[in-house]
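Engineer: Model the following, please.
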Amino acid sequence: MSDVVILSCSPSQHSKTAKLGEHVAFELRRLSITSTVLSLRDLPAAPLLRGDLEHPTLAAARHQVAEARGIVIATPIFKAAYSGLLKVFLDVLPQYALTGKVVLPLATGGSLAHVLALDYALRPVLQSMAPLNVLPSLFLLDKTLLHSNGTDLCRESLTDLDATLLRFRLALPPAESIWHDQAVA
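Structural biologist: Have a look, this model is predicted:
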């Protein structure tokens with residue numbers, strides 16, 4: 001079981017958003033938080049779209065979310081909206097799947113014009129799932145994510161991300177929290 005599940009929501013195999021999710025997992029480990037990256041693109045498409053809750057892979061993904069104290073969502077913003085892959089996954093979770101959990105929305109995109117998608121589109125959906133807290137989101141411009149050689153996050157992105165992850169760590173409920181116990185039950 002991981003303390004935190006990082007939902008990597010890009011449909012692309014080689015995405016900057018996926019690299020961001022991997023980096024978040026690395027940084028959380030440095031903060032002594034166990035985490036797992038759940039790549040939504042690797043979930044079986046047909047069962048996911050059908051909402052086949054009995055499918056073993058979907059059942060395992062739902063269980064990972066149920067057991068976590070925190071959820072980090074790393075989504076690209078396409079056409080002023082969060083990833084459709086994320087929406088489909090959220091739809092297969094129970095209505096109150098985020099009860100007792102702290103949620104951190106992270107997004108990547110090509111233009112600051114897309115930043116409002118986090119607060120006006122994603123946040124209401126997350127809030128409807130009854131989390132303990134949805135932290136302020138962080139939007140990172142694609143051009144600040146990777147160096148020109150395609151590796152490592154750029155320093156300018158890391159500064160904001162480091163502060164955001166520290167706030168996330170401080171907001172996580174204790175492992176034996178009554179909120180967590182109720183969410184898993």
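
Engineer: Can you report how many residues neighbour Ala97?
Structural biologist: Ala97 is flanked by 17 other residues according to other C-beta atoms under 10 Å. Bear in mind the C-beta positions are built from the backbone N, C-alpha and C, glycine included.

Engineer: what's near enough to touch it?
Structural biologist: Arg62, Val65, Ala66, Met129, Ala183 (C-beta atoms under 8 Å, 6 or more residues apart in numbering).

Engineer: cool, Leu49 as well?
Structural biologist: Residues in contact with Leu49 (C-beta under 8 Å, 6+ apart) are Val88.

Engineer: Give me the pLDDT value at it.
Structural biologist: On pLDDT, Leu49 comes in at 96.

Engineer: Could you pull up phi and psi at Val134?
Structural biologist: Phi and psi for Val134, reported as degrees, to the nearest 10, are phi -110, psi 110.

Engineer: ok, it - contacts?
Structural biologist: Under the criterion of C-beta under 8 Å, 6+ apart, the neighbours of Val134 are Val102, Val103, Pro105, Arg123, Leu126, Gln127.

Engineer: who touches the helix or strand hosting the fourth one?
Structural biologist: Secondary-structure element containing Arg123, defined by DSSP states H and E: helix 123-127. In this structure, residues lying in contact with helix 123-127 by C-beta under 8 Å, 6+ apart are Ile73, Lys87, Leu90, Leu98, Val103, Pro105, Val134, Ser137.

Engineer: what comes up buried for that helix?
Structural biologist: Arg123, Leu126 (16 or more other C-beta atoms under 10 Å).

Engineer: That helix: how far from the chain's middle?
Structural biologist: 13 Å (C-alpha atoms, centre = their mean, to the nearest Å).

Engineer: hey, C-alpha coordinates of that helix in CSV?
Structural biologist: This file holds the C-alpha atoms of helix 123-127, laid out as CSV (Å, rounded to 0.1, in the frame of the first residue of the first chain):
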residue,chain,number,x,y,z
ARG,A,123,-12.0,21.2,-8.9
PRO,A,124,-15.8,20.9,-8.9
VAL,A,125,-15.6,17.2,-9.9
LEU,A,126,-13.0,16.5,-7.2
GLN,A,127,-15.0,18.4,-4.6
